[in-house]
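**Student:** here are the coordinates; sequence isn't available:
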């Protein structure tokens, strides 16, 4: 997959980052060399080094962009009052919004396996976010609003497993209806697919 | 990550495959060279070539093992009578069972992006399975058993997005309680997390 060079397009750092993240997602981060980036971006390696120290620095910036968005959503929810189940639902909504807004960055984040210091730092920040979800689920069970007989930590993982699975099929180029997505996720997770009053 | 060689362990093909899949999942398929496989398996490249033509052949066998399991579950569900919502629930249960039983193989399958003929064939078989899920959801909506106001294809994707997210955190070495996992997945998906009678 080598790009045809059309002269030398100029990039600012955010532009360089956005395009690099797309290339990382297509080829896998570990499978992307500086040569691949250079070919994909249509600029020389020297021009890339003008912006960043290398591949790992680009990955660090990209993961940070995803994490800052998700952490802001978490902070917002931490500041709320009210029943934990409602705060959990707000967290689901805000997370879907961030995921759609920063789709390729969150996609990259979710594929990180901890192969480098940059990746391990990102995983540590993800674990912090996961902990908030698990705490909210536990609190909501204690408050009597969630099924008491299902394991809170498994529930938390599955709930955000469902949310994160959006990255598997949403298209970065498409204008997604966030409200519709949030509606389906929330309906399935909190009210269940089965129609109330169904006799089955 | 180079393995210490402890002499030359013998492998039959299933054993070679199982260990190779673990290595692929750790390093990423594209990031794994024949040298890496040789080091990880503790046998020479020639000894690997004795069993298979190369990396791609191993990938093909591994993906087939995952797909045959999932397809058998689908065939079983296709042969059932009864309401679509019940058949959908059986499909969820059987899929979780296959996923736990063939965890590292399904994990590898879910990371495939279509970078080669082997990968594209696997993706085509996955799409067939996804179509069965989408059809069951539509049928269940028509039969009046599922919420009619949520998009069936989005619902199908999210439902199996939740199921497949199990591969993100289940441990291949751990003995998992499949019934408990199926219970949480089914409760969340079909009945919802919110406790019936909760006043919120």
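**Tutor:** Yes, it's here. A quick note: this is a predicted structure, and the numbers were derived from the prediction, not measured. Numbering: from 1, shown residues only, chains lettered A, B, ... in the order given.

**Student:** ok, how many other residues are close to the closest residue to residue A:94 other than its chain neighbours?
**Tutor:** Leaving aside its chain neighbours, residue A:94 sits nearest to residue A:73 (3.7 Å; criterion: CB to CB, 6 or more residues apart in numbering or on different chains). Backbone N, C-alpha and C define where each C-beta goes, glycine included. For residue A:73, the number of neighbouring residues by other CB atoms under 10 Å in any protein chain shown comes to 22.

**Student:** Could you measure from residue A:93 over to residue A:130?
**Tutor:** From residue A:93 across to residue A:130, the span is 18 Å (CB to CB, to the nearest Å).

**Student:** quick one on the thing from earlier: is the residue nearest to residue A:94 in contact with residue A:92, as I believe?
**Tutor:** No: between residue A:73 and residue A:92 there is no contact under CB atoms under 8 Å: 9.7 Å.

**Student:** continuing past the helix ranked longest in chain A, what's the next helix or strand?
**Tutor:** Longest helix in chain A by number of residues, with DSSP state H as the criterion: helix A:117-142. Elements were assigned by DSSP states H and E; along the chain past helix A:117-142, the next helix or strand is helix A:152-164.

**Student:** quick revisit: where's the residue nearest to residue A:94, which helix or strand?
**Tutor:** With the criterion set as DSSP H and E, the secondary-structure element containing residue A:73 is helix A:55-78.

**Student:** picking up where we left off before, who are the neighbours in contact with the residue nearest to residue A:94?
**Tutor:** Under the criterion of CB atoms under 8 Å, 6 or more residues apart in numbering or on different chains, the neighbours of residue A:73 are A:91, A:94-95, A:97-98.

**Student:** Need the phi and psi values for residue A:31.
**Tutor:** Reported as degrees, to the nearest 10, the phi and psi values for residue A:31 are phi -90, psi 0.

**Student:** Look up the closest residue to it, ignoring the ones flanking it.
**Tutor:** Nearest one to residue A:31, counting by CB to CB, 6+ apart, is residue B:30 at 3.9 Å.

**Student:** so where does the one you found fall, helix or strand?
**Tutor:** Mapping residue B:30 onto the secondary structure by DSSP H and E places it in no helix or strand at all.

**Student:** How many residues are close by it?
**Tutor:** The local packing count at residue B:30 equals 17, with neighbours defined by other CB under 10 Å.

**Student:** Looks like it contacts residue A:26 (just checking).
**Tutor:** No: assessed by CB under 8 Å, residue B:30 is found out of contact with residue A:26, at 11.1 Å.

**Student:** How far off centre is the helix holding residue A:73?
**Tutor:** Per CA atoms, centre = their mean, to the nearest Å, the displacement of helix A:55-78 from the mean C-alpha position of its chain is 9 Å.

**Student:** Show me which residues of stretch A:138-154 are buried.
**Tutor:** For stretch A:138-154, the neighbour count (16 or more other CB atoms under 10 Å in any protein chain shown) marks A:138-141, A:145-147, A:150-152, A:154 as buried.

**Student:** gap between the two ends of that stretch?
**Tutor:** Distance between the boundary residues of stretch A:138-154 (CA to CA, to the nearest Å) amounts to 11 Å.

**Student:** Residue A:93 and residue A:130: which has the busier surroundings?
**Tutor:** Regarding residue A:93 and residue A:130, a neighbour count based on other CB under 10 Å identifies residue A:93 as having more, with 20 against 15.

**Student:** The more buried one belongs to a helix, doesn't it?
**Tutor:** Yes: assignment of residue A:93 by DSSP: H, G, I helix; E, B strand; the rest coil places it within a helix.

**Student:** so it touches residue A:182, yeah?
**Tutor:** Yes: at 4.9 Å, residue A:93 and residue A:182 qualify as touching, with contact defined as CB under 8 Å.

**Student:** re the thing from before, need the buried residues of stretch A:138-154 in JSON lines with pLDDT, can you?
**Tutor:** Conversion of those to JSON lines gives the following (pLDDT from 0 to 100):
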{"residue": "A:138", "pLDDT": "96"}
{"residue": "A:139", "pLDDT": "96"}
{"residue": "A:140", "pLDDT": "96"}
{"residue": "A:141", "pLDDT": "94"}
{"residue": "A:145", "pLDDT": "95"}
{"residue": "A:146", "pLDDT": "94"}
{"residue": "A:147", "pLDDT": "88"}
{"residue": "A:150", "pLDDT": "86"}
{"residue": "A:151", "pLDDT": "89"}
{"residue": "A:152", "pLDDT": "90"}
{"residue": "A:154", "pLDDT": "93"}
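
**Student:** Would you check which of those are in contact with chain B?
**Tutor:** A:140, A:145-147, A:150-151, A:154 (CB under 8 Å from any CB of the partner chain).

**Student:** Secondary structure class of the residue most central in space within chain A, three-state.
**Tutor:** The centroid of chain A falls nearest to residue A:106 when counting by CA atoms, centre = their mean (2.8 Å). The three-state label given to residue A:106 by three-state DSSP is helix.

**Student:** residues contacting it?
**Tutor:** Residue A:106 sits next to A:66, A:69-70, A:98-99, A:164, A:167 when contact means CB under 8 Å, 6+ apart.

**Student:** and if you look at residue A:94?
**Tutor:** Remark: with contacts taken as CB under 8 Å, 6+ apart, residue A:94 is in contact with A:73, A:76-77.

**Student:** Could you check how far it is from chain B?
**Tutor:** In this view, residue A:94 and chain B are 17 Å apart by CB to the nearest CB, to the nearest Å.

**Student:** Please report how far that residue lies from residue A:100.
**Tutor:** On the measure of CB to CB, residue A:94 and residue A:100 end up 11 Å apart.

**Student:** Same question for residue A:165.
**Tutor:** As judged by CB to CB, residue A:165 and residue A:100 stand 13 Å apart.

**Student:** what about the two, which has more around it?
**Tutor:** Higher neighbour count among residue A:165 and residue A:100: residue A:165, with 23 against 20, using other CB under 10 Å.
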